[in-house]
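Participant: Quick one, what's the 3D model for this:
(one chain, ligands or ions: 1)
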Amino acid sequence: MNPGQRLKNAAKQGLKQCARRAAHCFPPAPNATRILTYHSIGHRDHEMNVRPDDFLAQMEWLAAQQCAIPLAEAAQGRPGVALTFDDGYLDNLTHAAPILSRLALPATVFMVADRIGQELVPPRSAEGKAGELSSPSGPTAGSETRLMNWEELSKLQAMGIEVGSHTLSHRRLATLSEAEQRTEIFDSKQRLEEKLGQPIQAFAYPFGSALDYTPATVHIVREAGFAYATSNRFGPVQSGDDRFTLRRIWIDGTDDLSSFQAKVRGDLDLLRLMDSYPGILARRAANALLLRRG
Ligand SMILES: [Zn+2]
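Facilitator: This next block holds a predicted model:
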């Protein structure tokens, strides 16, 4: 791990501690709905990667709380915790699915329909993208970062895991024309449905911050016939929230069991302030600075 990344991880830990201390003054709402976001569950040297042993400890604790619910129910505001995985890494099938299945925990995996069985970022265009820390795919492309192919995806479905759409090519929808967004959203749904033979209800905006999609994007997602959609804006789902811009709570490699529990219980809900517009801009600036140092 480079020094900039190490510094960034330390900053994240500090921020989590501050939010937990502040939570004593502003206790979280009980019976909230929380949707967790994971990416890869494996051994990649990347901040968004969660190690399988950490994941197992998190899932065993979650199963003991008896609060896990399917994303469809979370979208309706039912209290509980839903699990989601973005991008569809092969390790979701090899490392995560057996644990989820054994513990009977429902989950949803969001697939990038044009990149099935491939790397999320094609090796050539990965260059120059190292500055994009919100991208779960880094310069360490290799078999570890491959996404599931159709056959593997069918196995995942057979294990009871829901498949959702994460567009065709994982571009920032807010930067695309309306016609391009339509293609990304409509065609991804159609392709997944044709290949998997089941209706695709769930959608996740790539990158998913408030700057990565627009009201027009949300409108197209509704029009395409999805039943609900998740962003990556941090926080619990609150009553009256639009089910097409559901907030989520990311879990990454810097979360130990204690910070995972704090996130699930809502002790870190104050981190949602980071997903205000000024918060996002400050975070992007900090990311750029830290990477330059690294
Ligand atoms: Zn993604």
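
Participant: in the chain, what secondary structure element scores lowest on mean pLDDT?
Facilitator: Lowest mean confidence among the helices and strands of the chain (mean pLDDT, DSSP states H and E): helix 123-126, at a mean of 59.

Participant: Now the helix or strand that that one is followed by: buried residues?
Facilitator: Next in sequence after helix 123-126, counting helices and strands by DSSP states H and E, comes helix 150-158. Of the residues in helix 150-158, E152, L153, L156 count as buried by neighbour count, 16 or more other C-beta atoms under 10 Å. (Each C-beta comes from the backbone N, C-alpha and C, glycine too.)

Participant: do stretch 3-12 as well
Facilitator: Buried, per 16+ other C-beta under 10 Å, within stretch 3-12: G4, Q5, L7, K8, N9, K12.

Participant: and the last one, how far is that from E47?
Facilitator: Note on K12: its distance to E47, by C-beta to C-beta, to the nearest Å, is 8 Å.

Participant: who touches both of these two?
Facilitator: Residues touching both K12 and E47 by C-beta atoms under 8 Å, 6 or more residues apart in numbering: D252, T254.

Participant: Please list the residues of the stretch 101-250 of the chain that sit near the ion.
Facilitator: P206 (C-beta under 5 Å from the ion).

Participant: And the strands in the stretch 101-250 of the chain?
Facilitator: 107-111, 162-165, 202-204, 228-234, 246-250 (DSSP state E, counting those that start in this stretch).

Participant: So which bits of whichever helix or strand comes after the last one are buried?
Facilitator: It stands for strand 246-250. Using DSSP H and E, the next helix or strand after strand 246-250 towards the C-terminus is helix 257-265. By neighbour count, and taking 16+ other C-beta under 10 Å as the criterion, the buried residues in helix 257-265 are S259, F260, A262, K263, V264, R265.

Participant: how about those, which pair is most distant?
Facilitator: Farthest apart among the buried residues of helix 257-265 by C-beta to C-beta are S259 and R265. That separation is 10.6 Å.

Participant: which residue is nearest the middle of the protein?
Facilitator: A centroid search over the chain (C-alpha atoms, centre = their mean) returns T37, at 3.5 Å, as the residue closest to the centre.

Participant: Let's verify it: helix, strand, or coil?
Facilitator: Here T37 takes the strand state, with states given by DSSP: H, G, I helix; E, B strand; the rest coil.

Participant: Contacts only, for it.
Facilitator: T84, F85, D86, T230, N232, R248, I249, W250, I251.

Participant: What of G117?
Facilitator: By C-beta under 8 Å, 6+ apart, the neighbours of G117 are R146, L147, M148, N149, W150, E152.

Participant: One more pass at 10 Å, please.
Facilitator: G88, L90, R146, L147, M148, N149, W150, E151, E152, L153 (C-beta atoms under 10 Å, 6 or more residues apart in numbering).

Participant: so can I have TSV of the residues you listed showing pLDDT and distance to A97?
Facilitator: Formatted as TSV, the contacts of G117 follow (pLDDT from 0 to 100; distance: C-beta to C-beta, whole Å):
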residue	pLDDT	distance to A97
G88	97	12
L90	97	11
R146	94	16
L147	97	14
M148	97	10
N149	97	15
W150	97	16
E151	97	14
E152	97	10
L153	97	11
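
Participant: Give me the pLDDT value at the nearest residue to A216 once chain neighbours are set aside.
Facilitator: Nearest residue to A216, sequence neighbours excluded (C-beta to C-beta, 6 or more residues apart in numbering): E178, at 5.8 Å. The pLDDT attached to E178 in the predicted structure is 97.

Participant: how deep is E178 tucked in, by neighbour count?
Facilitator: 12 (other C-beta atoms under 10 Å).
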